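[1] For reference, the sequence and a predicted model appear below.
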Amino acid sequence: MEQYELTLSDREFERIKTRVYRAAGISLSDAKRTLVISRLYKLVRRLGLPSFDAYVDHLEQDGSAGDAQDFVNALTTNLTRFYREEHHFEHLRQHVGALLESRPRRGTAGRGRLRIWSAGCSTGQEPYTIAMSLLAAFPDLKRWDFRILATDIDTNVIARAALGVYPEAEVAGLSAERAGPFERLGNATVRVPLAARERVAFLPLNLLDAWPMKGPFDAIFCRNVTIYFDKPTQAALFDRFATLLAPGGFLYIGHSENMAAGASGYRLVGKTIYQPAPPQRTRHAA
């Protein structure tokens with residue numbers, strides 16, 4: 001186990017927990033104490049500070065915006081892979097197939113419009129999987145106004161995701177059909193095919209802040225993100241998602257998450273797949 005020269009007192013841990021909750025909605029349990037030390041130690045030493053207390057003082061008093069972002073980046077967990085939770089992509093293909101048949105073409109040059117949001121996209125495997133999966137299933141989408149918004153609070157992973165370049169090992173477990181379109185770059189790296197990269201726009205975004213996009217989105221993916229939030233923050237976020245979903249749209253959440261569907265205005269339609277419940281009609285007395 002790696003040894004650190006600094007210890008983390010109860011007071012310092014509470015200050016860090018409070019700050020990351022206010023900044024990013026992340027709720028750290030006491031079990032995350034070792035993680036906090038390992039993630040923040042290099043930042044404290046890089047700034048030449050003697051303690052975690054001095055580090056929080058620095059952030060609160062004279063730290064730069066970059067220092068504040070580094071703090072959030074360090075405490076954000078990023079774990080993802082291509083085609084993770086396959087049942088979500090199968091359901092999305094069915095949903096988009098129905099839209100292709102029913103949605104009238106409109107917009108630029110009479111093209112149909114399709115919008116999907118990957119919220120908490122990490123290093124980009126999720127939005128790229130969405131793009132590749134749908135383009136492979138529906139060649140007609142190439143003529144649609146089809147865009148995917150991919151956001152994450154961690155600016156480091158957003159920068160990496162926008163490149164679309166990954167270790168070759170990331171596609172080693174995929175079928176030949178799915179791995180085939182990736183470009184082999186040498187040096188044991190691959191790149192997401194251009195057709196998929198062109199459909200995805202990456203944007204750094206704190207989900208607790210104001211959202212610049214207006215929607216509506218036909219689908220929103222927010223998988224394994226809200227597990228780091230407390231219940232009130234989760235409920236507020238799900239409510240905000242509902243306002244941006246198009247009629248008939250779906251919210252996909254992670255396998256480790258669940259939603260009190262009735263309490264949050266959603267109905268469960270599949271494994272960790274939700275849809276805003278239709279408004280209840282008011283019955284009037286005769």
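    All right, it came through fine.

[2] can you pull out the helices in the protein?
    Here the chain has its helices, by DSSP state H, at 10-24, 33-46, 52-61, 65-74, 86-102, 125-137, 155-163, 176-179, 194-197, 231-244.

[3] which strands and helices sit next to the longest one?
    Under the contact criterion of 3 or more Cβ pairs under 8 Å, 6 or more residues apart in numbering; DSSP states H and E, the helices and strands touching helix 86-102 comprise strand 113-119, helix 125-137, strand 217-222, strand 245-253. Using the backbone N, CA and C atoms, a C-beta is placed for each residue, glycine as well.

[4] ok, residues contacting that helix?
    Residues from elsewhere that reach helix 86-102 (Cβ atoms under 8 Å, 6 or more residues apart in numbering): 83, 112, 114, 116, 129-130, 133-134, 137-138, 140-141, 218-219, 221, 223, 250, 252, 270-273.

[5] Could you list the domains of this protein?
    Using automatic domain parsing, the domains assigned to the chain come out as 10-74, 86-276.

[6] can I get the ones you listed in a markdown table with mean neighbour count and distance to Tyr4?
    Below are the domains of the chain laid out as a markdown table (neighbours: other Cβ atoms under 10 Å; distance: least, Cβ to Cβ, whole Å):
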| stretch | mean neighbour count | distance to Tyr4 |
| --- | --- | --- |
| domain 10-74 | 16 | 5 |
| domain 86-276 | 17 | 22 |
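
[7] Tabulate these (CSV), appending mean pLDDT.
    Output for the domains of the chain, formatted as CSV (pLDDT from 0 to 100):
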stretch, mean pLDDT
domain 10-74, 94
domain 86-276, 91
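
[8] where does stretch 85-103 sit relative to the chain's centre, distance-wise?
    Relative to its chain's centre, stretch 85-103 lies at 20 Å (Cα atoms, centre = their mean, to the nearest Å).

[9] likewise stretch 241-248?
    Chain-centre distance of stretch 241-248: 17 Å, with Cα atoms, centre = their mean.

[10] can you check stretch 206-218 too?
    The chain centre lies 12 Å from the centre of stretch 206-218; the measure is Cα atoms, centre = their mean.

[11] which residues touch the closest residue to Gly248 other than its chain neighbours?
    Using Cβ to Cβ, 6 or more residues apart in numbering and skipping the chain neighbours, the partner closest in space to Gly248 is Gln275 (7.5 Å). Counting by Cβ under 8 Å, 6+ apart, Gln275 touches 245, 248-251, 266-267, 269.

[12] With Gln69 instead?
    The contact partners of Gln69, by Cβ under 8 Å, 6+ apart, come to Thr155.

[13] ok, now how distant is it from Ser122?
    16 Å (Cβ to Cβ, to the nearest Å).

[14] and if you look at Ser38?
    Plainly put, Ser38 is 19 Å away from Ser122 if you go by Cβ to Cβ.
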